[in-house]
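J.: prediction below, plus the sequence it came from.
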Amino acid sequence: MKVLVVGGGPIGLEAAVLLVKTGFEVLLVERGSMLAASVHLWRHVHLFSSNDLNCSTWGLHALSELGDDAPISGGHPTGSHYIESYLSRLGAWLASQPLCTICLNTTVDAISRGGLLKNEQVKAAGEHARDEQPFEALLVKDGHEEVRVRGISAVLDCSGTYLNPNFLGRGGAPALGERSLRSSASQLAESSPGAYEEPASRFFFRGLPDVLGDRRAAFVASGGGVAKFRRVAIVGCGYSAATVLLQLRELAMQMPDLPLEVDWMLRREVGKEPYAPISNDPLPTRASLINMANAIARGDGCPANMTVRTHRGCAIDELSIIPNSDGTGGCLQLMGEERDEANAEQPMNVLTDVIVSVVGYRPDMELSRELQEPAPPPPPSRIAAARGARPMALASSLLSQRIAAKGTAAAGDCLQQKSAGAELLATPEPHFYLLGSKAYGRHSSFLLKHGHDHVKAVVDMLQKDFAEEIP
Ligand SMILES: Cc1cc2nc3c(=O)[nH]c(=O)nc-3n(C[C@H](O)[C@H](O)[C@H](O)COP(=O)(O)OP(=O)(O)OC[C@H]3O[C@@H](n4cnc5c(N)ncnc54)[C@H](O)[C@@H]3O)c2cc1C
């Protein structure tokens, strides 16, 4: 009874631990060189949920079996601390279990259902013909060695979304020139996510650079012994954009003699604060992040040497490189439209040295391309936008919940979501499940706490389905 867990992030690890504790054999495959490789990319960021919400009961139990202390209750760890104090310990527990095999530096490239093509042996809901054939997976180790694994009874796809950022162009489409900047970015080492660095004075980040840490040099140029801030454009208006903005503010405070110019590009209309505060927010660090970012947008709360220009109602059409006349260095140009104070459309043309694109992430469904696709339950008629767009069941339900919460105290608070039941986690492909942030599609409201509930619901279902085969 082998279960393949794709991705050794927080949810893949939790799933693997619970599966092993339930008696399943687990193959845990992680594309990075370490477990929790995606969390490692944002290791400098503080989680706004506390450890009580970040750790599962079975995970804490595994730590106690290792003789480890539980992470400090109520603490808000950085990604780095979360890995050290908890996730790496789950990995250590799994490594000590004969039922678990962990493969690092290995990508799950494709999953298939034995010899069946996607459209074969499809029966009505509830009649499982395809599950008579076990799954097979094509793994790619160290970027080149291909390995086929057969005899897999169930697959939990916990591969997350962080490695698949959205495009920043108008309507989510690539801006002209964006693809070529992105492909240069993806060739860089994993430790420098999304950085475009050739020639050395221009940078394009897709994700959260550590402004105060290992990516500081991208924001502060030092030529001939003289330090100078580079111009920075931030695109996006999620919590990641707020995090980058606050890190830049901190950097400006550390170097008060140097002027720092930031262009912040938001789709949100003129006349509204970038972030809608959540009333009586149960997560105080989230509340303070929102308040500080809104203050910066109003022109408050920045040191005298930092200027932030907010561009509202932005649509970006083109990114280009403007080289210096001698062909070296130069800067980046963003062109498109924005809205002025009177809400009228105006051309936008911003020159910058660094672009930080934090416009969200989406799931990459390529690895399950030969499986039956996750489909929505019959959606409420109000969410017509989601219909026909192949939304996943859980993502579709979240959209419904968001629409229902609009204008209420729960709006915008991911803690208020109802946890998904088994029926939303099942896909039309028997024993293939999406878990973790990937199950949320493009919704940014995933919380580890909900992910743990989903893991428990799916492992319970598998235990029931395979009761006769597990010891
Ligand atoms: C900056 C930031 C802050 C956040 N803060 C919080 C918070 O405070 N509280 C909270 O509850 N949530 C928070 N989240 C949301 C969420 O909990 C995290 O994104 C979390 O890491 C999601 O876990 P995951 O296991 O679903 O995905 P990931 O952490 O993305 O893990 C997926 C793993 O799969 C691997 N992988 C991908 N593709 C493949 C493949 N084909 N084959 C093999 N391996 C693969 C990746 O390398 C990665 O290690 C935050 C997210 C971000 C980005």
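T.: Here it is on my side, so go on. Numbers count the residues shown, from 1 in each chain.

J.: the closest residue to the ligand within the stretch 151-300 of the chain and Gln333: what is the separation?
T.: Proximity of the stretch 151-300 of the chain to the ligand (CB to the nearest ligand atom) peaks at Gly160, 2.2 Å away. Placement of C-beta: from N, CA and C, glycine included. In this view, Gly160 and Gln333 are 32 Å apart by CB to CB, to the nearest Å.

J.: swap in Val359?
T.: Val359 sits 18 Å away from Gln333 when distances are taken as CB to CB.

J.: neighbour-wise, which of the two wins?
T.: A direct count of neighbours by other CB atoms under 10 Å for Val359 and Gln333 places Val359 higher, at 20 against 16.

J.: surely the more buried one touches Gly207?
T.: No. At 10.4 Å, Val359 and Gly207 do not qualify as touching, with contact defined as CB atoms under 8 Å.

J.: so which bits of the stretch 251-400 of the chain are right by the ligand?
T.: Leu367 (CB under 6 Å from any ligand atom).

J.: any weak-confidence spans in the stretch 251-400 of the chain?
T.: Residues of the stretch 251-400 of the chain meeting the criterion pLDDT under 70: 327-329, 373-400.

J.: give me the residue from it nearest the ligand.
T.: Minimum separation of the stretch 251-400 of the chain from the ligand (CB to the nearest ligand atom) falls at Leu367, amounting to 5.2 Å.

J.: three-state assignment of that residue?
T.: Per DSSP: H, G, I helix; E, B strand; the rest coil, the local secondary structure of Leu367 is helix.

J.: how close does it get to Glu429?
T.: To Glu429, Leu367 is 12 Å away according to CB to CB.

J.: where along the stretch 1-150 of the chain do the helices fall?
T.: With helices called from DSSP state H, counting those that start in this stretch, the stretch 1-150 of the chain shows them at 10-22, 37-41, 51-54, 57-66, 79-82, 88-95.

J.: most neighbours per residue, which of those?
T.: Highest mean neighbour count among these (mean count of other CB atoms under 10 Å): helix 10-22, with a mean of 26.

J.: what angle do that one and helix 57-66 make?
T.: Orientation of helix 10-22 against helix 57-66 (axes from the mean of the first three to the mean of the last three CA atoms, to 10 degrees) gives an angle of 70 degrees.

J.: can you name the residue of the stretch 351-471 of the chain nearest the ligand?
T.: The stretch 351-471 of the chain approaches the ligand most closely through Gly436 (2.4 Å), counting by CB to the nearest ligand atom.

J.: how about that residue, what does it touch?
T.: By CB atoms under 8 Å, 6 or more residues apart in numbering, the residues touching Gly436 are 7, 9-12, 158, 160, 446, 451, 454.

J.: re the thing from before, can you pull the contacts of the residue of the stretch 251-400 of the chain closest to the ligand?
T.: Leu367 makes contact with 6, 108-111, 157, 159, according to CB under 8 Å, 6+ apart.

J.: with Phe466 instead?
T.: 1, 24, 153-154.

J.: the lengthiest strand in the chain: which residues count as buried?
T.: What stands out as the longest strand in the chain, according to DSSP state E, is strand 306-322. For strand 306-322, burial by neighbour count (16 or more other CB atoms under 10 Å) applies to 306, 308, 310-317, 319-321.

J.: quick check: the farthest pair among those?
T.: Distances among the buried residues of strand 306-322 were taken as CB to CB; the most separated pair is Met306 and Asp317, at 27.9 Å.

J.: ok so, going back, ok, the residue nearest to the residue of the stretch 351-471 of the chain closest to the ligand when sequence neighbours are not counted to the ligand distance?
T.: Using CB to CB, 6 or more residues apart in numbering and skipping the chain neighbours, the partner closest in space to Gly436 is Ile11 (3.1 Å). Per CB to the nearest ligand atom, to the nearest Å, Ile11 is found 3 Å from the ligand.

J.: in this structure Ile11 contacts Cys158, no?
T.: Yes. With contact defined as CB under 8 Å, Ile11 and Cys158 form a contacting pair (4.5 Å).

J.: any residues in contact with both of these two?
T.: Residues touching both Ile11 and Cys158 (CB under 8 Å, 6+ apart) are 435-436.

J.: quick one, helices of the stretch 251-400 of the chain?
T.: In the stretch 251-400 of the chain, the helices defined using DSSP H, counting those that start in this stretch lie at 284-297, 393-405.

J.: now do the buried residues in the longest one.
T.: Within helix 284-297, the residues scored as buried using 16+ other CB under 10 Å are 286-287, 289-294, 296-297.

J.: which strands and helices sit next to it?
T.: For helix 284-297, the helices and strands in contact under the criterion 3 or more CB pairs under 8 Å, 6 or more residues apart in numbering; DSSP states H and E are helix 239-254, strand 306-322.

J.: just put the ones you listed in a markdown table and tack on distance to Leu424.
T.: Formatted as a markdown table, the helices and strands packed on helix 284-297 follow (distance: least, CB to CB, whole Å):
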| stretch | distance to Leu424 |
| --- | --- |
| helix 239-254 | 25 |
| strand 306-322 | 34 |
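
J.: which of those sits closest to Gln463?
T.: Within those, the stretch nearest Gln463 is helix 239-254; the backing value is 35.6 Å (CB to CB).
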